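Colleague: requesting a structural model of the entry that follows:
(one chain, ligands or ions: 2)
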Amino acid sequence: MMPVDEHLRILLEACATVPRRTSPVPVAEAHGCVLAQDVRSAVDVPAFANSAMDGYAVRAAELAGAGDRPVVLPVAGDIPAGRTDRVTLEPGTTLRIMTGAALPDGADAVVPVELTDGGTQRVTLRQEPLAGAHVRPAGDDLSRDELALTAGTFVDARVLALLVSLGHPRVEVVLPPRVAVLSTGDELVEPGGAAGHGTVVDSNGPMLVAVLREHGFTAERVRAVADDEQGFRARLDEVLLTHDAVITTGGVSAGAYDTVKAVLARDGEVEFRGIAMQPGKPQGFGLVRAGDGRRVPVFTLPGNPVSAMVSYQVFVAPALRLLAARPAEGLAGVEAVADDGWRTSAGRTQLARVRLRREDDGLHATLAGGQGSHVLGALAHADALAVVPAEVDEVLPGARLTCLLLRPLPGKESLA
Ligand code: AMP
Ligand code: MG
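Modeller: Numbering: from 1, shown residues only. Ligands and ions are numbered 1, 2, ... in the order given. A predicted model of the protein is given here:
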């Protein structure tokens, strides 16, 4: 059996040779992509000097001593945010100004409304501002032509806000891979149906599409196919043309009717291996030639839902991140003390489904439920996958384990 790290390394090396898919996109649609170019600002940000507060635009020098003896000025008008004509502040007057509104010519400070009587005809100002007070100068955040974002930056929500402010209609990005999820098995019932004698609902399809989307990939569930070699091959060839990666589940074990393995091993495009891992032992991976000549990563995962999810997290997610030009990271790990003891299969790395609890001395892990590869309840309720190294065959209570987080760490408050 091949160690987990070795299989992951093979997969990442292969995916590193696959060309990234780049394209110019409208800036607002760059969310979830990686920038393929450096981006300089086309404009000053902000584009004009503006007020940081709701208040009154003033000439600071006219308010000398206002802290002790308030100054009364006539209010010559209002400048709301969005007013685009040029306004001049006449000496001896003030203008009511709102946050984000352009500072009028002649003004050099803003007195916040809280330090006035809020008057609309005449206003009493009780502060002597320093020149520049509560004014955001043009280019304060970024000046025109300044390098704002570098190639390789992942566009999350915050980066997107910066990106759209730079004045470019489009930007060149690496698009996230389009991933097809193809469940296989004669026994599968479409989601929304109920399993009867001899059948099971295709839970892998919706599960994998959901986690792919949570991870920022474009995912599509292909209707499950039966254990039929021609039917499977035809459906695979179809989705290879329209996707950048394919995940199949089922049909990779050693049994009869293991169609995925039968077809792809024969065609020699996918390597099937036993990985020293529990769950998730039978794995296949290869770059499969699509009809248009592209080599498309195909991950063939075992059919049991727990195995499929663990395989996805350990192998597929890091590889897809690489295709998306992101760091090939897997789940983040934390250390926890095992409260339970359990035996594991010797020679295989176990990824046990555990719940985590925060105590004064740190995190504690307990088994989330049955550890069978078909037990959806334990998978759904687990907070993490506890890694039991291959050389360990029994976890003793009190052992320290690395736990890979499946959901954000439970906070102290939520444990009260
Ligand atoms: P296989 O890997 O095809 O040998 O399947 C292993 C187990 O996983 C069997 O009990 C299958 O019925 C089950 N299984 C396979 N595919 C799915 C699926 N898409 N959803 C839920 N269970 C599945
Ligand atoms: Mg099967």
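Colleague: dump the residue contacts of the residue of the chain most remote from its centre.
Modeller: For the chain, the residue at maximal distance from the C-alpha centroid (CA atoms, centre = their mean) is R69, at 55.7 Å. R69 sits next to no residue when contact means CB atoms under 8 Å, 6 or more residues apart in numbering. Where you see a C-beta, it was placed from the backbone N, CA and C, and this is true even at glycine.
Colleague: is it correct that V209 is in contact with A219?
Modeller: Yes: under the contact definition of CB atoms under 8 Å, V209 touches A219, with a separation of 4.5 Å.
Colleague: now do the SS call for the residue farthest from the centre of the chain.
Modeller: With DSSP: H, G, I helix; E, B strand; the rest coil as the basis, R69 sits in coil.
Colleague: going forward, the N-terminal residue is numbered 27.
Modeller: Sure thing, new numbering starts at 27, so read that last one as R95.
Colleague: give me the pLDDT for it.
Modeller: Residue-level confidence at R95 comes out at 97, pLDDT.
Colleague: now stretch 226-241: buried residues?
Modeller: V227, D228, S229, N230, G231, M233, L234, V235, V237, L238, H241 (16 or more other CB atoms under 10 Å).
Colleague: restrict those to those near ligand 1?
Modeller: Taking CB under 6 Å from any ligand atom as the test, ligand 1 is in contact with D228, S229, N230, G231 out of the buried residues of stretch 226-241.
Colleague: export those to a markdown table and append columns for distance to G367, pLDDT and secondary structure.
Modeller: Compiled in a markdown table, those are given as follows (distance: CB to CB, whole Å; pLDDT from 0 to 100; DSSP: H, G, I helix; E, B strand; the rest coil):
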| residue | distance to G367 | pLDDT | secondary structure |
| --- | --- | --- | --- |
| D228 | 35 | 98 | coil |
| S229 | 30 | 98 | coil |
| N230 | 31 | 98 | helix |
| G231 | 36 | 98 | helix |
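Colleague: of the residues you listed, which pair is most distant in space?
Modeller: S229 and G231 (7.4 Å; CB to CB).
Colleague: common neighbours of those two, please.
Modeller: P217.
Colleague: helix, strand, or coil at L38?
Modeller: Of the three states, L38 takes helix according to three-state DSSP.
Colleague: still on that earlier bit, any idea which of the buried residues of stretch 226-241 is closest to V401?
Modeller: Here the nearest of those to V401, counting by CB to CB, is S229; it sits at 11.8 Å.
Colleague: chain neighbours aside, what residue packs nearest to that closest one?
Modeller: Leaving aside its chain neighbours, S229 sits nearest to P331 (5.1 Å; criterion: CB to CB, 6 or more residues apart in numbering).
Colleague: what's the domain layout of this protein?
Modeller: Listed by automatic domain parsing, the domain ranges of the chain are 30-46+202-349, 48-71+166-200, 76-162, 359-441.
Colleague: deepest of those, which one?
Modeller: domain 30-46+202-349 (a mean of 19; mean count of other CB atoms under 10 Å).
Colleague: get me the contact residues on the stretch 227-376 of the chain for ligand 1.
Modeller: By the criterion of CB under 6 Å from any ligand atom, the positions of the stretch 227-376 of the chain lying close to ligand 1 are 228-231, 275-279, 328-331.
Colleague: farthest-separated two in those?
Modeller: G231 and S279 (18.7 Å).
Colleague: find residues that contact each of V235 and A245.
Modeller: Residues touching both V235 and A245 (CB under 8 Å, 6+ apart): V207.
Colleague: what pairs with the longest strand belonging to the chain, parallel or antiparallel?
Modeller: Identified as the longest strand of the chain according to DSSP state E is strand 375-385. Here strand 375-385 is paired, per DSSP bridges, with strand 303-304 (parallel), strand 388-393 (antiparallel), strand 410-414 (antiparallel).
Colleague: redo these as JSON lines? Include distance to L61 and mean pLDDT.
Modeller: Rendered in JSON lines, the data for the strands paired with strand 375-385 read as follows (distance: least, CB to CB, whole Å; pLDDT from 0 to 100):
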{"stretch": "strand 303-304", "distance to L61": "35", "mean pLDDT": "97"}
{"stretch": "strand 388-393", "distance to L61": "36", "mean pLDDT": "96"}
{"stretch": "strand 410-414", "distance to L61": "32", "mean pLDDT": "98"}
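Colleague: quick one: closest of those strands to ligand 2.
Modeller: Nearest of those to ligand 2, taken as CB to the ion: strand 303-304 at 18.8 Å.
Colleague: what's the closest non-adjacent residue to whatever residue of the chain ends up closest to ligand 1?
Modeller: The minimum distance from the chain to ligand 1, using CB to the nearest ligand atom, falls at G329 (2.6 Å). Of all residues not flanking G329 in the chain, G276 sits nearest, at 3.2 Å (CB to CB, 6+ apart).
Colleague: list the contacts of the one you found.
Modeller: Neighbour list for G276: S209, T210, G211, L214, N230, V286, P328, G329 [criterion: CB under 8 Å, 6+ apart].
Colleague: returning to that earlier point: surely the residue nearest to S229 meets L405?
Modeller: Yes: using CB under 8 Å, P331 and L405 qualify as a contacting pair, with a distance of 6.7 Å.
Colleague: what segments of the chain are helices?
Modeller: Secondary structure of the chain, counting by DSSP state H: helices at 30-42, 183-190, 230-240, 255-268, 285-292, 331-337, 343-349, 402-407.
Colleague: would TSV of those helices with distance to M79 be doable?
Modeller: Formatted as TSV, the entries for those read as follows, by distance: least, CB to CB, whole Å:
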stretch	distance to M79
helix 30-42	51
helix 183-190	21
helix 230-240	40
helix 255-268	53
helix 285-292	64
helix 331-337	51
helix 343-349	43
helix 402-407	49
